[in-house]
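J.: Got a predicted structure here, sequence first:
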Amino acid sequence: DTGVSQDPRHKITKRGQNVTFRCDPISEHNRLYWYRQTLGQGPEFLTYFQNEAQLEKSRLLSDRFSAERPKGSFSTLEIQRTEQGDSAMYLCASSFHRGSFSYNEQFFGPGTRLTVL
Amino acid sequence: DAKTTQPNSMESNEEEPVHLPCNHSTISGTDYIHWYRQLPSQGPEYVIHGLTSNVNNRMASLAIAEDRKSSTLILHRATLRDAAVYYCILRDVGGNEKLTFGTGTRLTIIP
């Protein structure tokens, strides 16, 4: 088990460009989460999936943001027409949900740091 | 989500115990208390969680007040590797899946 991986680790782009990040969760984890973290703040929830279904989206996820998890394994987060305010660390986490609520620890990846110039 | 309040920063000497406080006066009866920490340049990692009783694991202990309006994360013997931001988070047992992080406590370990 290699943990949650994210690619790329760093991305520098110009304002107005589109960017896509990838997250590979721990194998057999059925839930996958995206968070965003700006300097000096704790991570903020963006969205999460159970298998391929997107179950919740934060109001932070504007229409320029889209996330997918097409086969219930890896996920992508795309930001269209990037703005300087999108500069942040984008974190992915995964967990195994057992049906009725039981504690499911979230395992985080190292994040993708986005800088929009 | 119910709100938590933590000191912005704390310092501790290496090899001494550390007590990290968290206030959660609006906690509901179905909220679990969770602690995660974030080491420099890494994603957060789970530390411990509890509901009513004190909890121990290999990383830390969690002491929960009788009225559940506050809790304390205890690192029994701090090492330099424990320097991190520690987040106290409430999660409803009903399955609200997202973690709602505050700004946490930045713990500095003095060699």
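T.: Everything's here; your move.
J.: Please count neighbours and contacts with C-alpha atoms only from this point.
T.: Will do.
J.: what's downstream of the lowest-mean-pLDDT helix or strand in chain A, the next helix or strand?
T.: When the helices and strands of chain A are compared on mean pLDDT, DSSP states H and E, strand A:53-57 comes out lowest with a mean of 92. Using DSSP states H and E, the helix or strand that follows strand A:53-57 towards the C-terminus is strand A:65-68.
J.: residues in contact with that following strand?
T.: A:47, A:52, A:54, A:75-80 (C-alpha atoms under 8 Å, 6 or more residues apart in numbering or on different chains).
J.: go on, stretch A:107-117?
T.: For stretch A:107-117, with C-alpha under 8 Å, 6+ apart as the criterion, the contacting residues are A:3-15, A:21, A:82-95, B:41-46.
J.: Not counting its neighbours along the chain, what's nearest the residue positioned nearest the centre of chain A?
T.: Centroid-nearest residue in chain A: A:Trp34, 2.8 Å away (criterion: C-alpha atoms, centre = their mean). Once its chain neighbours are removed from consideration, A:Trp34 has its nearest residue in A:Cys92; the separation is 4.6 Å (C-alpha to C-alpha, 6 or more residues apart in numbering or on different chains).
J.: re earlier: mind listing what the least confident helix or strand of chain A pairs with, with the direction of each?
T.: In the sheet containing strand A:53-57, the strands it pairs with under DSSP bridges are strand A:44-50 (antiparallel).
J.: How far off centre is the strand it pairs with?
T.: How far strand A:44-50 lies from its chain's middle: 7 Å, per C-alpha atoms, centre = their mean, to the nearest Å.
J.: just the buried members of the contacts of stretch A:107-117?
T.: Restricting those to buried positions leaves A:4-7, A:11, A:13, A:15, A:21, A:82-83, A:86-95, B:43-46, with burial counted as 16 or more other C-alpha atoms under 10 Å in any protein chain shown.
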